[in-house]
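Engineer: coordinates only, sequence not included:
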């Protein structure tokens, strides 16, 4: 018993001798606050997506995508795969139990017996086998922790896809409503320009205006008509992209609130930069990949040391089935093997160097992911601010160009100006309405992008 206790003590002592580096989070650059932020005290990401996007139709579309999107369903099963791999690696830490059964029958002739063949011509047996690699240097523990980090990275990938899906649906929805609005603008412009064309044509036929006025009226009407077809094409393409996210073939997308009816906050608090490291899935993915690679260095280092394996066999064997389970049929074997590398021309050393180099690369990628995340937040904050200001300026522009058009038409009707001035005023009004619609759409989309950049939505 003393020998057994001593052996267990030695094994436990060696079990604690794990080699290889321990992970510590790298020091990275992060700002004290966001330069473009309106408020630093809280973050919009504390809200769920259904609290941010109040349009009930948009909410239903997001929910359909979360239930049916094929990329998200694929990500779910990637997580299941990672869980299975983790379980597979965990199993290596414990003894393996196997079984085997055997039987043999042999017929020997007289000459064979005379030749000295003495083993039993008939044999049956039932055996249980135990094999266990003692994790002396932490090789199996490092592999297990690496698999766990990969599982965490896969979980974060699913969250990242979740956030991206919510953002894509919301962005496409605002794009679609913006296209709807601009289609209405183009249709109104086309109807107005057809009226111009009818009036100018009638005046031309009476000889009151030149053919140039008639041709110019035809031109602006054709431009508006072409714009209608362009916008219709854009709507169909956007609806098709929508349906792919929803995991279905083409169906016209139902509409809810118009863009100018959305209730998204215009001044969005962004929270503190330190929160970004704990919230954004892509940052967590990069860190978990770095953790996994750090553990793989430990595996490579452990492979430079000897491994200890225990193998045991316990069972029964007999020349006859009738005596197979008798008291004299038992057998047992226990063996140990210590094996390790001796001289391989630096192969094991190079393997460690290769794993360390991979870890350095992933460290750089981790830092780049953080810098990219901060840049995306700053860009989205700047977009929200500038598009909001642009939208207010566009509203002033629309009001001014509408009044200018009205005055130009009055002057033309009374013979004080040419039709060219009316055309210019009409074009400016049409373009200003278009630009106002785009500014509002982009303002809403930039809000979505900030929500995504901050890691919100799940």
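Structural biologist: Happy to help now that I have it. Remember, predicted model here, so these are calculated numbers, not experimental data.

Engineer: Now do the helices in the stretch 151-300 of the chain.
Structural biologist: Per DSSP state H, counting those that start in this stretch, the stretch 151-300 of the chain carries helices over the ranges 211-245, 273-279, 281-302.

Engineer: Mean neighbour count added to these, as CSV?
Structural biologist: C-beta: built from backbone N, CA, C; applies to glycine. Formatted as CSV, the helices of the stretch 151-300 of the chain follow (neighbours: other C-beta atoms under 10 Å):
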stretch, mean neighbour count
helix 211-245, 16
helix 273-279, 17
helix 281-302, 23
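
Engineer: Dump these to a markdown table, plus mean pLDDT.
Structural biologist: Listed next are the helices of the stretch 151-300 of the chain as a markdown table, based on pLDDT from 0 to 100:
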| stretch | mean pLDDT |
| --- | --- |
| helix 211-245 | 94 |
| helix 273-279 | 80 |
| helix 281-302 | 94 |
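
Engineer: okay, those helices in CSV with distance to residue 399 next?
Structural biologist: As requested, these are exported to CSV (distance: least, C-beta to C-beta, whole Å):
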stretch, distance to residue 399
helix 211-245, 21
helix 273-279, 40
helix 281-302, 43
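
Engineer: and residue 408, which of those helices is closest to it?
Structural biologist: helix 211-245 (13.2 Å; C-beta to C-beta).

Engineer: quick one on the thing from earlier: and residue 395, which of the helices of the stretch 151-300 of the chain is closest to it?
Structural biologist: helix 211-245 (21.4 Å).

Engineer: count of neighbours near residue 207?
Structural biologist: 7 (other C-beta atoms under 10 Å).

Engineer: Tell me the spacing between it and residue 274.
Structural biologist: Computed as C-beta to C-beta, to the nearest Å, the residue 207 to residue 274 distance reads 77 Å.

Engineer: ditto for residue 103
Structural biologist: 69 Å.

Engineer: Could you do residue 428 as well?
Structural biologist: From residue 428 to residue 274 the distance is 48 Å (C-beta to C-beta).

Engineer: Equivalent analysis for residue 389, please.
Structural biologist: If you go by C-beta to C-beta, the gap between residue 389 and residue 274 works out to 29 Å.

Engineer: What of residue 411?
Structural biologist: Distance, residue 411 to residue 274, by C-beta to C-beta: 62 Å.

Engineer: again with residue 143
Structural biologist: 33 Å.

Engineer: same question, residue 440
Structural biologist: Residue 440 is 33 Å from residue 274, by C-beta to C-beta.

Engineer: Please apply the same query to residue 147.
Structural biologist: Counting by C-beta to C-beta - residue 147 and residue 274 are separated by 29 Å.

Engineer: Also residue 365?
Structural biologist: In terms of C-beta to C-beta, residue 365 sits 21 Å off from residue 274.

Engineer: Where do the strands of this structure begin and end?
Structural biologist: 96-105, 122-134, 307-318, 330-339 (DSSP state E).

Engineer: Output these in CSV; the columns should cover mean neighbour count.
Structural biologist: Shown next, in CSV, are the strands of the chain (neighbours: other C-beta under 10 Å):
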stretch, mean neighbour count
strand 96-105, 10
strand 122-134, 16
strand 307-318, 16
strand 330-339, 11
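
Engineer: Quickly, which of those bottoms out on average pLDDT?
Structural biologist: Mean pLDDT is lowest for strand 96-105 among the strands of the chain, at a mean of 79.

Engineer: Mind listing the strands that one pairs with, and their directions?
Structural biologist: Strand pairing for strand 96-105, using DSSP bridges, gives strand 122-134 (antiparallel).

Engineer: hang on, the earlier thing: turn the strands of the chain into JSON lines, columns for distance to residue 200.
Structural biologist: Output for those, formatted as JSON lines (distance: least, C-beta to C-beta, whole Å):
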{"stretch": "strand 96-105", "distance to residue 200": "92"}
{"stretch": "strand 122-134", "distance to residue 200": "92"}
{"stretch": "strand 307-318", "distance to residue 200": "94"}
{"stretch": "strand 330-339", "distance to residue 200": "97"}
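
Engineer: Residue 140 and residue 286, how far apart?
Structural biologist: 26 Å.

Engineer: typo on my end, residue 191
Structural biologist: 55 Å.

Engineer: The strands of the chain: which one's closest to residue 252?
Structural biologist: Taking the strands of the chain one by one with C-beta to C-beta, strand 96-105 is closest: 58.8 Å.

Engineer: centre of the chain versus the closest one, how much separation?
Structural biologist: Computed by C-alpha atoms, centre = their mean, to the nearest Å, the chain-centroid distance of strand 96-105 equals 48 Å.

Engineer: That strand to strand 307-318, inter-axis angle?
Structural biologist: 40 degrees (axes from the mean of the first three to the mean of the last three C-alpha atoms, to 10 degrees).

Engineer: got a list of contacts for strand 96-105?
Structural biologist: 121, 122, 123, 124, 125, 126, 127, 128, 129, 130, 131, 132 (C-beta atoms under 8 Å, 6 or more residues apart in numbering).

Engineer: Could you dump those residues into JSON lines and include distance to residue 280?
Structural biologist: JSON lines is the format used below for these (distance: C-beta to C-beta, whole Å):
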{"residue": "121", "distance to residue 280": "73"}
{"residue": "122", "distance to residue 280": "70"}
{"residue": "123", "distance to residue 280": "66"}
{"residue": "124", "distance to residue 280": "64"}
{"residue": "125", "distance to residue 280": "60"}
{"residue": "126", "distance to residue 280": "57"}
{"residue": "127", "distance to residue 280": "55"}
{"residue": "128", "distance to residue 280": "51"}
{"residue": "129", "distance to residue 280": "49"}
{"residue": "130", "distance to residue 280": "47"}
{"residue": "131", "distance to residue 280": "44"}
{"residue": "132", "distance to residue 280": "42"}
